[in-house]
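Participant: Need a 3D model of the sequence below.
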Amino acid sequence: MEVKCLESNEAWGLFRDKVGRNTLESQPDILERARQVARKCRGLPLALIIIGKNMASKRTVQEWDEAIRHSCFFCRTISWMKRDVSCKLVLVYPKYQSENGIVRRMSLMENEIENISDSPECPELTTLLFQNNGMGNISGEFFKSMPSLVVLDLSERRTPSRNKSPTTSGFPNLSIVNLSDCDGLKDVTWLLYAPNLTVLKVISSSQIEDIISKEKAENIFTEEEVGTIIPFQRLEHLKVENLPKLKSIYWSPLPFPRLSKFSIRSCPNLRKLPLDSKNGGSNPGEDLVIYGEQSWVNKVEWEDEATKERFLPSLQATEWSESISERTS
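Facilitator: Presented below is the predicted three-dimensional model:
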């Protein structure tokens, strides 16, 4: 969705109307501060309206100074979104949302942002979309105030990331992750911070070598902690596709108590699955199905004969087709 940005006089007029004359004239120093806040909105009508309405009740200089400070991330994001005479409509900074306008979905799709290092306060954000952009680095700080995040889509990042992936103290609610066309990414070890992940898709990322890197995990956690962390406990669907360098999903067998669908396509160097005869299951009444190409199935290296006997019936060897692709999507 694209919205025309207003010229400075129009923008100020809109902002002034939303704030109201009584507030602007309540103290001599407020008017100039109001002009500063309006300029930071870069002419974006939505920002002018939301922030203007929010500031209508603010009648102290201190409140306006705080607004100027805290609007920095919001306004920088708007300036990043600008293209010629139009701006991408993006809701970013919930501090300035009305009571009924809390941000729960954010899209930074198809933009020219190169780096993000700020940490916005988005406690209610559940969906974050980064598809098809040129970001080279997303700082882990960016995710620190997003405890409610459920859906994260980092697909089609055009610029090589040099293995820069989000790190933070936790994604307690993260459920769905799509990592497609993330060239330069070598692993997604940060998913150890996502204990409630249910769907993971890693597709067409040419440098991926490990889903979870043992070396990196040992650098993040102590040896004792690594031994107690069991990832993918709630994972139901795992899809890895077109990953020419992928060698490992995890370095040892995992329980996978809820995994019901596991699809592997065009991963020629993935020989061993993190399964053994004692682990790997699915929801009651559901059987684990492993989709894979016949050429790959013939080369699978099982943990032992018991593991092979248990999971070989789960394999559905096939040459990929649209119908198979739909079933595994």
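Participant: So which residues of the stretch 151-300 of the chain form strands?
Facilitator: For the stretch 151-300 of the chain, applying DSSP state E, counting those that start in this stretch gives strands covering 151-153, 176-180, 199-203, 237-241, 261-265, 289-292.
Participant: The last one - contacts with which helices or strands?
Facilitator: Identification of packing neighbours for strand 289-292 by 3 or more Cβ pairs under 8 Å, 6 or more residues apart in numbering; DSSP states H and E yields strand 261-265, strand 315-317, helix 322-328. The C-beta positions use only the backbone N, C-alpha and C, and glycine is treated the same way.
Participant: if we look at that strand, which residues are touching it?
Facilitator: If you take Cβ atoms under 8 Å, 6 or more residues apart in numbering as the criterion, strand 289-292 is touched by 260-265, 273, 300, 311, 314-318, 324, 327-328.
Participant: rerun at 7 Å
Facilitator: Strand 289-292 is contacted by residues 260, 261, 262, 263, 264, 311, 314, 315, 316, 317, 324, 328 when judged by Cβ atoms under 7 Å, 6 or more residues apart in numbering.
Participant: and it, which strands flank it?
Facilitator: Strand partners for strand 289-292, identified by DSSP bridges, are recorded as strand 261-265 (parallel), strand 315-317 (parallel).
Participant: Residue 60: how many residues sit nearby?
Facilitator: 12 (other Cβ atoms under 10 Å).
Participant: all helices in the chain, in order from the N-terminus.
Facilitator: Ranges of helices in the chain, per DSSP state H, are 8-19, 21-24, 30-40, 45-55, 61-70, 72-81, 214-220, 223-228, 294-297, 305-311, 322-328.
Participant: what about the chain, any weak spots by pLDDT?
Facilitator: Low-confidence segments of the chain (pLDDT under 70): 1-4, 70-103, 106-121, 130-144, 156-170, 280-286, 319-329.
Participant: How is it divided into domains?
Facilitator: 1-84, 104-328 (automatic domain parsing).
Participant: Need the winner for burial among the helices of the chain.
Facilitator: The highest mean neighbour count among the helices of the chain, using mean count of other Cβ atoms under 10 Å, belongs to helix 45-55: a mean of 21.
Participant: Pull that helix out as CSV, backbone CA atoms only.
Facilitator: The C-alpha trace of helix 45-55 is given here as CSV (Å, rounded to 0.1, in the frame of the first residue of the first chain):
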residue,chain,number,x,y,z
PRO,A,45,-0.5,11.2,6.9
LEU,A,46,-0.9,8.2,9.1
ALA,A,47,1.9,9.2,11.4
LEU,A,48,0.7,12.8,11.5
ILE,A,49,-2.8,11.6,12.5
ILE,A,50,-1.8,9.0,15.1
ILE,A,51,0.8,11.1,16.8
GLY,A,52,-1.2,14.2,16.6
LYS,A,53,-4.2,12.6,18.3
ASN,A,54,-2.0,11.1,20.9
MET,A,55,-0.4,14.4,21.7
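Participant: for it, packing partners?
Facilitator: helix 8-19, helix 30-40 (3 or more Cβ pairs under 7 Å, 6 or more residues apart in numbering; DSSP states H and E).
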